[in-house]
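A.B. asks: this is a predicted model, with the sequence first.
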Amino acid sequence: MKFTQCVAIAVLFAAATPLSNAQTPAAPQHPIPSIQDTETTAQKDARMAWWRVARFGMFIHWGLYSVPAGTWDGKQIPSLGEWIMNNASIPVADYKVLAAQFNPTGFSAHDIVALAKSAGMKYIVITAKHHDGFAMFDSKANPFNIVAATPFHRDPLRELADEAHKQGIKLGFYYSQDQDWTAPGASAILRQNHDPVTHHWDKAQDGDFDTYLHTKAIPQIKELLTNYGDFPAVLWFDTPTANMTPARAAEIVALVNQHPNLIWNNRLGGGYKGDTETPEQTIPAQGFPGEDWESCMTINDTWGFKSYDTNFKSTETLLRNLIDIASKGGNYLLNIGPDSHGVVPVSEVERLQAMGKWLAVNGEAIYGTQPTLFGAEAGAFSATEKDRRGNPLWVPAWSWRSTTSANKIYIEIFNWPTGAFHLDKLPRKVTGAYLLADSTHTPLKLTQTGGILDVQLPAKPLDPIATVLVLETTK
Ligand code: H79
């Protein structure tokens, strides 16, 4: 997706706008207060604790759109695979018949949970219902679902919940609460000019939004919140339009309030801020200091499977993204898109396993760490060039990043220097240094004068993508 395509839609994510440090948050005036309005800081810290140390999660976009897999009527449909119904203006009846062809017998909850674990991911968020309105779970509220409408008859969410329990990982559900292209009355965002006004391309989509909300969205959210034991740990809303008024959003808040451990994002709408900022396909220049945030990204150029999208990011890019995000205090929610058989594309599996290999050695520098004590290493805003919004262009630098713990500073080095690694303005005293991937932790020679540090490095990095230098510190 082109960045420019998202701009108009980004406006819809009103809650995604970060408060500048100068602003004090106004006391929220919600029709129904949400947990964030009423809990203490200590309660919030306890609720967010697992998520804050997790740093790395698996997004799964899987649904009926994996059947056409990016092609309709013999034509390759540009842009996101999960948007095919909208992008190709597929009539509701024509889209619904896909369900009869969806029999993903290659799906294995065990293998997907094991893949997430081997990648070093600490949570999974799967599409329970995307904008196409097809529920990937056993829903009594609406028959357009994987159990009732397909020959598969199984509930992948139940199977994933069982496996996630067994293998010890958190499971969350994505639910498109506002857009639903097959339910009468729900929203559909116009694709061509990105007008946020809701737009239907089939009379079957016309109807009353409150009827949709009360007969489908709310009952299904209730099912998701009550039928899967301890899960979902996360509820991931998306694309609120003007239809998601404060009063309507409050009806959903009344439900989520009954699940006091639940974490939910900033995309409910109606003025609710939720728990997490959710930059999509980008890493913010300096993160969201003091806030919980999560960058979600595709591994190629689509969320939902497209048979011909082979533009996979390299393991190097993916690992640098994870490290960059961790150094700014955020989480990385990296997507996979299983195919219509339920199988995860091999190129995705390979990259995840490679990331897991790095994390198995270097995870100490990522999980549960604090952001960098420096900052300039991430890059700088250009004095002359502007980005597509007319703001100063952010020019990232890729020599190194840093993460922090109580008594260590981690330097993730991408560009291996010759001789010494040099640091200015070090706010702590360094008492020792070693490479994390060196199992013997052989001490490296260092000199520190005031805040200026030089650490002698071996001639070659221990990992071609990122080698972690550990500085043991006292304050
Ligand atoms: O679920 C994934 C996306 O389908 C969803 N959010 C992530 C996590 C998403 N929905 N909308 N958007 C993201 C942003 C809007 C993109 C659009 Fe377009 C630009 C909609 C219309 C213009 C891309 C290009 C999709 C259709 C044309």
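C.D. replies: Perfect, I can see it now.

A.B. asks: ok, the closest residue to the ligand within the stretch 301-450 of the chain - how many residues close by?
C.D. replies: Going by CB to the nearest ligand atom, the ligand is nearest to W303 of the stretch 301-450 of the chain, at 4.5 Å. C-betas here are computed from N, CA, C, even on glycine. Using other CB atoms under 10 Å, W303 is surrounded by 29 other residues.

A.B. asks: dump the residue contacts of it.
C.D. replies: Applying CB atoms under 8 Å, 6 or more residues apart in numbering, we find W303 in contact with 59, 61, 80-82, 335, 337.

A.B. asks: which one is D463 nearest to, not counting chain neighbours?
C.D. replies: Closest residue to D463 apart from its sequence neighbours, by CB to CB, 6 or more residues apart in numbering: A437 at 5.9 Å.

A.B. asks: ok, that neighbour touching A466?
C.D. replies: No. Assessed by CB atoms under 8 Å, A437 is found out of contact with A466, at 9.6 Å.

A.B. asks: how far off centre is stretch 104-122?
C.D. replies: Its chain's C-alpha centre and that of stretch 104-122 lie 17 Å apart, by CA atoms, centre = their mean, to the nearest Å.

A.B. asks: mind checking the end-to-end distance for it?
C.D. replies: Distance between the boundary residues of stretch 104-122 (CA to CA, to the nearest Å) amounts to 25 Å.

A.B. asks: list the buried ones in that stretch?
C.D. replies: 104, 107-109, 112-113, 115-122 (16 or more other CB atoms under 10 Å).

A.B. asks: pick the one among those residues closest to the ligand.
C.D. replies: The ligand has its nearest neighbour among the buried residues of stretch 104-122 in M121, at 16.5 Å by CB to the nearest ligand atom.

A.B. asks: just checking, that closest one touches K170?
C.D. replies: No. Because the distance of 9.7 Å does not satisfy CB under 8 Å, M121 is recorded as not touching K170.

A.B. asks: measure stretch 455-474 end to end?
C.D. replies: End-to-end distance of stretch 455-474 (CA to CA): 17 Å.

A.B. asks: may I see the buried residues of it?
C.D. replies: For stretch 455-474, by 16+ other CB under 10 Å, it's 455, 457, 461-463, 465-473.

A.B. asks: swap in stretch 398-411?
C.D. replies: So stretch 398-411, judged by 16+ other CB under 10 Å, has buried residues 400-404, 408-411.

A.B. asks: coming back round to it: from the buried residues of stretch 455-474, which land in helices?
C.D. replies: Counting by DSSP state H, no part of the buried residues of stretch 455-474 is found in helices.

A.B. asks: give me the subset of the residues you listed touching the ligand.
C.D. replies: Among the buried residues of stretch 455-474, no residue lies close to the ligand (CB under 6 Å from any ligand atom).

A.B. asks: can you say which two of the residues you listed are spatially most distant?
C.D. replies: Farthest pair in the buried residues of stretch 455-474 (CB to CB) is I465 and T473. Separation: 24.9 Å.

A.B. asks: quick one: mean pLDDT over stretch 466-475.
C.D. replies: Per-region confidence: stretch 466-475 scores 96 on mean pLDDT.

A.B. asks: can you list contacts of it?
C.D. replies: Residues from elsewhere that reach stretch 466-475 (CB under 8 Å, 6+ apart): 319-320, 323, 358, 362, 365, 407-414, 416, 421, 428-437, 441, 444, 453, 455, 457, 461.

A.B. asks: so which bits of stretch 320-328 are buried?
C.D. replies: So stretch 320-328, judged by 16+ other CB under 10 Å, has buried residues 320-328.

A.B. asks: kindly report the same for stretch 439-450.
C.D. replies: Using 16+ other CB under 10 Å as the test for burial, stretch 439-450 gives 444, 446, 448.

A.B. asks: in strands, which of those appear?
C.D. replies: 446, 448 (DSSP state E).

A.B. asks: pick the one among the buried residues of stretch 439-450 closest to S307.
C.D. replies: L444 (48.9 Å).

A.B. asks: for the closest one, give me the pLDDT.
C.D. replies: Listed pLDDT for L444 reads 98.

A.B. asks: how about the strands in the stretch 201-350 of the chain?
C.D. replies: Ranges of strands in the stretch 201-350 of the chain, per DSSP state E, counting those that start in this stretch, are 234-237, 263-264, 294-297, 331-336.

A.B. asks: between those, which gets nearest to Q220?
C.D. replies: Comparing these by their distance to Q220 (CB to CB), the top pick is strand 234-237, with 11.6 Å.

A.B. asks: what does the stretch 301-450 of the chain put close to the ligand?
C.D. replies: Within the stretch 301-450 of the chain, the residues that sit near the ligand (CB under 6 Å from any ligand atom) are W303.

A.B. asks: separation between E163 and V147?
C.D. replies: Here E163 is placed at a distance of 18 Å from V147 (CB to CB, to the nearest Å).

A.B. asks: for G368, the count of nearby residues, please.
C.D. replies: 14.

A.B. asks: quick one: residues contacting the closest residue to it other than its chain neighbours.
C.D. replies: Leaving aside its chain neighbours, G368 sits nearest to V53 (3.8 Å; criterion: CB to CB, 6+ apart). V53 makes contact with 122, 367-368 under the criterion CB under 8 Å, 6+ apart.
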